[in-house]
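J.: Everything below, folded, please.
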Amino acid sequence: MRLYFAHNFNDRFRFREIELQLEKELSIELYNPFYDDLTRKEEMIELDSINQDSDDRIKSFENKFNRDQDSAQLIVRRDLTAIASCQGLFTIVESPSFGTTIEMCYATFMKKPIFFVSEKYINHPWIKVYATHKFSNLEEFKDFIKRYKFELEEETK
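T.: A predicted model of the protein is given here:
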């Protein structure tokens, strides 16, 4: 099973660790748009090398990679293409994110299942209506995937 992993950019370090753990434990593939898109490799290496406490270095990085319209469109097209090529979308939402919200809408439009993990937002009306599978924590998600992985793979073919 291959799922697009939509998550907040600012939490990418912690989510990368979670991603790798879930892939190993559940034998699934999570496509991470920050680390699995090889066209962004240079950007991620530089960004990840920045001391997170250094405001000057972060501002310098943000200026270097400030997106013009063409490069922003390229990233969006790549993300949408990746969502279309995956069997579904997986997200952990701890705080709102423009990108994650729009990626979820696109997955819904593409009739892809959405696996939504959030303690705080699980009862939001839009989540209740559009998230296919809702979990209040990662343990619930892992238990679900372990029980239903085979059926889900068949369903999303």
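
J.: CA only for contacts and neighbour counts going forward, please
T.: Noted.

J.: Just after the helix or strand harbouring Gln73, pick out the following helix or strand.
T.: Using DSSP states H and E, Gln73 sits within helix 69-85. For helix 69-85, the following helix or strand on the C-terminal side (DSSP H and E) is strand 88-92.

J.: Which neighbouring elements make contact with the next helix or strand after that following strand?
T.: The helix or strand immediately downstream of strand 88-92 is helix 98-109, counting by DSSP H and E. Helices and strands touching helix 98-109, as assessed by 3 or more Cα pairs under 8 Å, 6 or more residues apart in numbering; DSSP states H and E, comprise strand 2-6, helix 69-85, strand 88-92, strand 114-117.

J.: Please name the nearest non-neighbouring residue to Ile92.
T.: Val117 (4.6 Å; Cα to Cα, 6 or more residues apart in numbering).

J.: Which neighbouring elements make contact with the helix holding Gln73?
T.: Using 3+ Cα pairs under 8 Å, 6+ apart, helix 69-85 is in contact with strand 2-6, helix 98-109.

J.: at 6 Å what do you get?
T.: Where contact means 3 or more Cα pairs under 6 Å, 6 or more residues apart in numbering; DSSP states H and E, helix 69-85 is not packed against any helix or strand.

J.: Would you mind getting the angle between it and strand 2-6?
T.: In terms of direction (axes from the mean of the first three to the mean of the last three Cα atoms, to 10 degrees), helix 69-85 departs from strand 2-6 by 140 degrees.

J.: Give me the contacts around helix 69-85.
T.: Applying Cα atoms under 6 Å, 6 or more residues apart in numbering, the external contacts of helix 69-85 come out as Tyr4.

J.: in the chain, which segments are predicted with low confidence?
T.: Applying pLDDT under 70 to the chain flags the ranges 50-67, 156-157.

J.: rewinding a little: okay, angle between the helix holding Gln73 and strand 88-92 too, please.
T.: 110 degrees.

J.: for helix 69-85, which positions count as buried?
T.: 75, 79-80, 82-84 (16 or more other Cα atoms under 10 Å).

J.: Can you give the distance from that helix to the centre of its chain?
T.: Offset of helix 69-85 from its chain centre (Cα atoms, centre = their mean, to the nearest Å): 14 Å.
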